[in-house]
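Enquirer: no sequence on hand, only this structure:
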């Protein structure tokens, strides 16, 4: 395998410690392995570890400077960080999931220290203890929030001050009598300053910066709610009086489902979204569908099967992802339904149409999902269709368009 131009430029510079923050589909795995040397540790999402993505990529590359490759999950790191041996190279795959630093503080022995996730603390402790010669943070979404950028800087051994950073990029909301709540500043000057900070930590760039990417079409289809959905939404406040819970339940009904519990089964309502998906199957032989809820996935899968089309489902219950994805790629006509939150760590470059039956509320999931079919070396025009049925659907789409996660509290203004 030969590197692309943007990869070769980094390989020639041979950075020892840096962020590899190119967009989805640009070949970060290949690049990180090309830079690595000696005994190499990769910390990856559990599904990527189980699918042996890094081992298979290394097997395609021929001669490298790597003498031994070990791949573990972030859960493995959190458990074993104190006993793991030193590695010459450490690669943090999807590093944004390890960058769990908050703007709040906690007190340990009367000393204020930043609140952080256990996996971030494990990663930071392991890196400080073993001091690898080479360290690479790989993700297409390093700017999950300003505090995640600071976490990345600390993992890369930058001595950036917590309070100075927080003051520069975060705003404290006035909440009398409640714990401090911080939100990112959103003015253009602060965003530009944050972008410069990210670029100072590593290499950035989108797929379109390096390749002549064919036109990618994004359209929103408004699907009216059916009477059964409207009636169900009217009744929801009686059953779910909590406003935050109500938002989630309303969003479910907009998809044509209402998740049950241990005492009752999920409810299914007539919805025009299923017909819209089947319509796309008339235009495209292979359709990738993202759906947020398990009951919705089941509903869509049954409708696709009834239409006589092969269906593949990728959810949290999927055991053999590698075989599933391989079969879908080799299929000449099928629908591949993926849970919206499972948006990274696999490729489906033969799918020209992607339909969002319901979107994840996470901007990162949204960005990653686009890259499942848009890959370097297999570029093609793609169609992305967003099915919007109600007020929550609309609010989710608007939040993601403005590069924000969807938040029930922001939506409710509380």
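Expert: Thanks, I have it. Just so you know, these numbers come straight off a predicted model, no measurement behind them.
Enquirer: stretch 273-286: which residues count as buried?
Expert: Using 16 or more other C-beta atoms under 10 Å as the test for burial, stretch 273-286 gives 273, 274, 276, 277, 278, 280, 281, 284, 285, 286. C-beta here means a position set from N, CA and C on the backbone, and glycine is covered the same way.
Enquirer: what values do phi and psi take at residue 37?
Expert: phi -150, psi 160 (degrees, to the nearest 10).
Enquirer: again with the one 4 residues further on
Expert: Comment: the main-chain dihedrals of residue 41 come out as phi -110, psi 130, following degrees, to the nearest 10.
Enquirer: for the nearest residue to it once chain neighbours are set aside, phi and psi?
Expert: Once flanking residues are discounted, residue 41 sits nearest to residue 87: 4.1 Å by C-beta to C-beta, 6 or more residues apart in numbering. Backbone torsions of residue 87, given as degrees, to the nearest 10, read phi -120, psi 150.
Enquirer: residue 87 against residue 71, yeah?
Expert: No - taking C-beta atoms under 8 Å as the definition, residue 87 is not a contact partner of residue 71, at 11.5 Å.
Enquirer: shared neighbours, the two?
Expert: residue 41 (C-beta atoms under 8 Å, 6 or more residues apart in numbering).
Enquirer: give me the low-pLDDT residue ranges for the stretch 251-400 of the chain?
Expert: Applying pLDDT under 70 to the stretch 251-400 of the chain flags the ranges 262-263.
Enquirer: the helices in the stretch 151-300 of the chain, which residues?
Expert: For the stretch 151-300 of the chain, the helices defined by DSSP state H, counting those that start in this stretch occupy 162-169, 188-201, 207-210, 227-239, 243-254, 272-283, 294-306.
Enquirer: kindly report the same for the stretch 301-414 of the chain.
Expert: Secondary structure of the stretch 301-414 of the chain, counting by DSSP H, counting those that start in this stretch: helices at 321-330, 363-370, 391-401, 408-412.
Enquirer: check the offset of the first one from the chain's centre.
Expert: Relative to its chain's centre, helix 321-330 lies at 20 Å (C-alpha atoms, centre = their mean, to the nearest Å).
Enquirer: contacts for it?
Expert: By C-beta under 8 Å, 6+ apart, helix 321-330 touches 47, 50-52, 286, 312-314, 318, 334, 336, 346-350.
Enquirer: okay, now residue 10: neighbour count?
Expert: Residue 10 has 19 neighbouring residues, counting by other C-beta atoms under 10 Å.
Enquirer: give the rounded mean pLDDT of the one helix or strand it maps to.
Expert: Here residue 10, judged by DSSP states H and E, is contained in helix 5-13. The average pLDDT within helix 5-13 is 94.
Enquirer: so what touches it?
Expert: Applying C-beta under 8 Å, 6+ apart, the set of residues contacting helix 5-13 is 3, 20, 22, 26-27, 30-31, 34-35, 203, 205, 209-210.
Enquirer: in ChimeraX, select just the buried ones from these.
Expert: In ChimeraX syntax, the buried subset of these is picked out as below (16+ other C-beta under 10 Å):
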select :3,20,22,26,27,30,31,34,35,203,210
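Enquirer: which ones among the contacts of helix 5-13 map onto strands?
Expert: Cross-referencing the contacts of helix 5-13 against strands under DSSP state E gives 20, 22, 203, 205.
Enquirer: pick out the most distant pair among the residues you listed.
Expert: 20 and 205 (10.3 Å; C-beta to C-beta).
Enquirer: hey, what's in contact with both of the two?
Expert: Counting by C-beta under 8 Å, 6+ apart, nothing touches both residue 20 and residue 205.
Enquirer: what is the nearest of the ones in strands among the contacts of helix 5-13 to residue 189?
Expert: Nearest to residue 189 among the ones in strands among the contacts of helix 5-13, with distances taken as C-beta to C-beta, is residue 205, at 22.8 Å.
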